[in-house]
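Novice: The sequence and its predicted three-dimensional model are supplied below.
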Amino acid sequence: MADKARVHVVIEGRVQGVFFRASTRDEARARGLTGWARNLPDGRVEAVFEGDKRVVENMLAWCHKGPPYAYVDRVEVEWQAYLGDLTDFRVVY
């Protein structure tokens with residue numbers, strides 16, 4: 001069984017109004033990850049990813065770039081204990 005991982009990220013830059021959340025959802029689902037993404041009132045995007053550790057690491061690399069038209073200045077990463085309590089990946093409001 002692959003190592004499982006959970007990570008909480010906060011992404012700063014031009015990440016709202018550029019389909020960052022929807023693209024994050026699509027990328028996470030394509031990778032078989034579970035979790036969520038949401039906009040924060042201060043203009044950042046927050047997300048949680050769970051799944052195989054290597055796949056989560058790959059998703060983190062994508063977060064440093066984001067979708068077209070996004071510009072990522074910084075990604076805060078907090079590794080957390082894997083819970084396995086998420087069933088899909090969704091955008092939350």
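Specialist: Now that the structure is in, tell me what you want to look at. Keep in mind it's a predicted model, so treat the numbers as computed, not measured.
Novice: Spell out for me which residue occupies the centre of this structure.
Specialist: By C-alpha atoms, centre = their mean, the mean C-alpha position of the chain lies nearest to Ala47, the distance being 4.4 Å.
Novice: which helices and strands sit right next to the helix or strand harbouring it?
Specialist: Element membership for Ala47 (DSSP states H and E) is strand 45-52. Under the contact criterion of 3 or more C-beta pairs under 8 Å, 6 or more residues apart in numbering; DSSP states H and E, strand 45-52 touches strand 4-14, helix 20-30, strand 34-39, helix 53-63. Where C-beta positions appear, they are placed from N, C-alpha and C, glycine not excepted.
Novice: so where's this protein shaky on pLDDT?
Specialist: Scanning the chain with the threshold set as pLDDT under 70 gives 1.
Novice: picking up where we left off before, bridging across strands, which residues link to the residue nearest to the centre of the chain?
Specialist: Beta-bridge partners for Ala47, by DSSP bridges, are Val9, Ala37.
Novice: So it sits against Cys63, correct?
Specialist: Yes. Ala47 lies in contact with Cys63 (C-beta atoms under 8 Å); the separation is 7.4 Å.
Novice: what residues are shared contacts of these two?
Specialist: Counting by C-beta atoms under 8 Å, 6 or more residues apart in numbering, the shared contacts of Ala47 and Cys63 are Val9, Ile11, Thr24.
Novice: burial measure for the first one, as a count.
Specialist: The number of residues packed around Val9, counting by other C-beta atoms under 10 Å, is 21.
Novice: which ones are touching it?
Specialist: Val9 sits in contact with Glu46, Ala47, Val48, Phe49, Leu60, Cys63, Val75, Glu76, Val77, Glu78, where contact means C-beta under 8 Å, 6+ apart.
Novice: and if you look at Phe49?
Specialist: Arg6, Val7, Val9, Ala28, Leu33, Thr34, Gly35, Val56, Met59, Leu60, Phe89.
Novice: now do Asp88
Specialist: Applying C-beta under 8 Å, 6+ apart, one finds that Asp88 lies in contact with Arg29, Thr34.
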